[in-house]
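A.B. asks: Let me see the structure of the following:
(chains A, B, C and D, ligands or ions: 2)
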There are 2 protein chains.
Amino acid sequence: MLNTRARVSKATVRRIPLYYRAVQQLQQQGVKRIRSERLSEIIHIPSATIRRDFSSFGELGKSGYGYSVDTLVDEFGKLLEVQDAENILLVGCGGLGAALIENNFRRNPDLNITMAFDIDSAKIGTEIGGVPVYDFRELAMRVTPDIKTAIIAVPSSAQPQVIPALEGIGIDAILTFAPQPVVCLPTTTIRYIDLTSELQSLLFTAHHQQLAE
Amino acid sequence: MLNTRARVSKATVRRIPLYYRAVQQLQQQGVKRIRSERLSEIIHIPSATIRRDFSSFGELGKSGYGYSVDTLVDEFGKLLEVQDAENILLVGCGGLGAALIENNFRRNPDLNITMAFDIDSAKIGTEIGGVPVYDFRELAMRVTPDIKTAIIAVPSSAQPQVIPALEGIGIDAILTFAPQPVVCLPTTTIRYIDLTSELQSLLFTAHHQQLAE
DNA sequence: AAATGTTTGTTAATCCATTCACATAGTAGC
DNA sequence: GCTACTATGTGAATGGATTAACAAACATTT
Ligand SMILES: NC(=O)c1ccc[n+]([C@@H]2O[C@H](COP(=O)([O-])OP(=O)(O)OC[C@H]3O[C@@H](n4cnc5c(N)ncnc54)[C@H](O)[C@@H]3O)[C@@H](O)[C@H]2O)c1
Ligand SMILES: NC(=O)c1ccc[n+]([C@@H]2O[C@H](COP(=O)([O-])OP(=O)(O)OC[C@H]3O[C@@H](n4cnc5c(N)ncnc54)[C@H](O)[C@@H]3O)[C@@H](O)[C@H]2O)c1
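C.D. replies: Ligands and ions are numbered 1, 2, ... in the order given. Sure thing, here's the model as predicted:
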C-alpha cells in the first residue's frame, strides 16, 4: 500500500506529475520495464533522485530488474487520484481563462473545469468550450458541493475579493495567475503562477549568468 | 555599481521580480522608505531572506533607517535591464499563445512580443493584438536580429522541431509551456511552465498533506 | 554631541534536498 | 542450483537555502 507514512518532501511532490506522465507514455509505447538510469535520460532528473523519490512511496522496484511500468502507472495514478474526477471552477474568463477552459486539461480526463465565473455581462450567460459562464455574484448559488478546487485568472486587483468568496463556499485548493500575494485560510492550499516573474528571472539568468557549465 | 561579483543564488534570482514589482508599487504610492520587516508583510517573504537577498547586490540599505524605495526601484530595474526593451517572439498562436500576445506583459513596457509564428494557414497573415503572425517556415526570413528570446506555446509533440529552429536563428532564452523535456544547446537558457503538473502537485498537497501548520 | 533606539548585513546554526557509493537482493544464463 | 550480473534502496556526505540572532552602523531626539 502507498501509506508508508514517510514524509514526502516538497521537491518530490512537484516531481510526481512528471513521473506519472513519463510512465504513462512508456506504457502507451508498450514498454513493460524501466530502469532508473533510463528514466533519467527521458525526464532529465538524476537517477539517484528518481530512486529516492520512488522509495518514499514504498518499495516499488526490484533489485537487478528495475521497475514495472504498469506498477508505476498504477501507484502514481493512485497518488494523483486519477480514478475519481476532480471538478474545478474557474474565475475570470479573459484571454488566459478562456484558453485554460478551451484546453481543459484534455490530456488528463480526471481534471475537469466544469463551470466558470466572470463579472463582465458580455460574458455571463455564454459558454466557452461547452463550459457555462456564470455571474460571479451568483457563485454560492451556482457552485456544486463536489467542487473544492479553483483556478483564478482575474486581474491582480480583483484577487483580494475573489479568494475570500471562494473560501466561503468551501474551496480549499487554488491555482492563481494573479501574482498579488493574499492571506488565506490556513486550510487553503494556494499556488501562484507568475508568468511575468518567470520571464523576468529567465532573462536575468540568460543575461547575467551565461556561464552554462 | 551592481557588479559585486558575489554569486547570486538561483533562489534569489527567482525573487528579484517580486522585489521589483513590490518596490515599484510602493514608489507609486509615494512611499520613500521601507524596512525589511515591513516589506516582508507585503510580499510574504521572511525579512531575513529579504536582507540576505538584497545584500547580494551590494549594500543597498542603511542601518537604523531601512532602504530607500527609489534606490531599490533603481537597482532592481538595472538588474532586470528595464531601461532597454526586450523584444520577444512567440511560437504557437493557439488559445494560450493568443492570450499571451493580447496581454503582452502590458504592465512591463520593456517586455514586448513583437512577432508571432504558427503553421496553421488560417492564422498566418493575421494579426493578434497588433502583433503579426507569420508562417513558422519563414522564421529565419522574418526574425530581426534584436530578438534573442522566445516563448513557445505549441503542442508538446511539435516542440522538438521548434527548439532547434529557434536556436538556429540565435535565440538563447526560451520560456515554454510544452512540458516535453528537450535537449538544447549549452548556451540556451530554457524554462518550462508546466500548468498540468502545477495543478496536479497542488491537488496532491491539498489532499494528502492538509496538515497546514 | 551624547544617549537612545532602530535596522542593517552577516556569521553561525539549521533545515532541506541532492548526490555518492555500495551492501543487498534480486535477475538471467547456463 | 550455481555463478555472474544488475539495479534497487539507503546510509553517509555534500551542497544549497533559510532562519536566527546580534554586533556594528546609522538615525533620531534631546
Ligand atoms: N495573459 C498574460 O499573458 C498574462 C501575463 C502575466 C500575468 N497575467 C495575469 O493573469 C491574469 C489573467 O490575465 P488575462 O490576460 O486573462 O486578463 P484579462 O483582463 O484578459 O481577463 C480578466 C478577466 O477577469 C474578469 N474579472 C475581473 N474582475 C473579476 C471579478 N471580481 N470576478 C470575476 N471575474 C472578474 C474580467 O471581466 C476579465 O474577463 C491576470 O492577473 C494577469 O495579471 C496574464
Ligand atoms: N491551455 C492550457 O490550458 C494548457 C494546459 C496545460 C498545458 N498546455 C500546453 O501549452 C501549450 C499550448 O496550449 P494551447 O492550449 O494554446 O494549444 P493549442 O492547440 O490551442 O495551440 C497550439 C498552436 O500551435 C500551433 N502549432 C502547432 N505546431 C506548430 C509548429 N510546429 N510551429 C508553429 N506553430 C505550431 C497550432 O497551429 C496552434 O495554433 C501546449 O503545449 C499545451 O500542452 C496548455
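A.B. asks: and the helix or strand hosting A:Ala99, C-alpha only, in CSV?
C.D. replies: Using DSSP states H and E, A:Ala99 falls within helix A:95-103. Taking C-alpha atoms only, helix A:95-103 is exported to CSV below (Å, rounded to 0.1, in the frame of the first residue of the first chain):
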residue,chain,number,x,y,z
GLY,A,95,-7.7,35.7,-22.6
LEU,A,96,-5.9,33.3,-20.2
GLY,A,97,-9.0,32.0,-18.5
ALA,A,98,-10.7,31.2,-21.8
ALA,A,99,-7.6,29.4,-23.1
LEU,A,100,-7.5,27.2,-20.0
ILE,A,101,-11.2,26.4,-20.4
GLU,A,102,-10.8,25.6,-24.1
ASN,A,103,-7.9,23.2,-23.3
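A.B. asks: Give the other helices and strands that that helix contacts.
C.D. replies: With contacts taken as 3 or more CB pairs under 8 Å, 6 or more residues apart in numbering or on different chains; DSSP states H and E, helix A:95-103 sits against strand A:86-91, strand A:111-118, strand A:127-128, helix B:95-103. Glycine gets a C-beta too; all of them are placed from N, C-alpha and C.
A.B. asks: Identify whichever of the ones you listed lies nearest to ligand 1.
C.D. replies: Closest of the helices and strands packed on helix A:95-103 to ligand 1 is helix B:95-103, at 3.2 Å (criterion: CB to the nearest ligand atom).
A.B. asks: what comes into contact with the one helix or strand A:Ile16 maps to?
C.D. replies: Per DSSP H and E, A:Ile16 falls inside helix A:10-28. For helix A:10-28, the external contacting residues (CB atoms under 8 Å, 6 or more residues apart in numbering or on different chains) are A:34, A:39, A:42-43, A:45, A:49-50, A:52-54, A:56, A:69-70, A:72-73, A:76-77, A:79-80, B:179, B:194, B:196-197, B:200-201, B:204-205, B:209.
A.B. asks: Same check on stretch A:36-53?
C.D. replies: Contacts to stretch A:36-53, defined as CB under 8 Å, 6+ apart, come from residues A:Thr12, A:Arg15, A:Ile16, A:Leu18, A:Tyr19, A:Ala22, A:Leu26, A:Phe54, A:Gly61, A:Gly66, A:Tyr67, B:Pro181.
A.B. asks: thinking again about what came up before, establish whether the helix holding A:Ala99 and ligand 1 are in contact.
C.D. replies: Yes. Using CB under 6 Å from any ligand atom, we find that helix A:95-103 touches ligand 1 at A:Gly95, A:Leu96, A:Gly97.
A.B. asks: what's the spacing between that helix and its chain's center?
C.D. replies: Relative to its chain's centre, helix A:95-103 lies at 15 Å (CA atoms, centre = their mean, to the nearest Å).
A.B. asks: before we move on, the earlier item: okay if I get the helices and strands packed on helix A:95-103 as JSON lines plus distance to A:Ile152, mean neighbour count and mean pLDDT?
C.D. replies: Converted to JSON lines, the helices and strands packed on helix A:95-103 look like this (distance: least, CB to CB, whole Å; neighbours: other CB atoms under 10 Å in any protein chain shown; pLDDT from 0 to 100):
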{"stretch": "strand A:86-91", "distance to A:Ile152": "5", "mean neighbour count": "24", "mean pLDDT": "98"}
{"stretch": "strand A:111-118", "distance to A:Ile152": "10", "mean neighbour count": "22", "mean pLDDT": "98"}
{"stretch": "strand A:127-128", "distance to A:Ile152": "16", "mean neighbour count": "16", "mean pLDDT": "98"}
{"stretch": "helix B:95-103", "distance to A:Ile152": "15", "mean neighbour count": "22", "mean pLDDT": "98"}
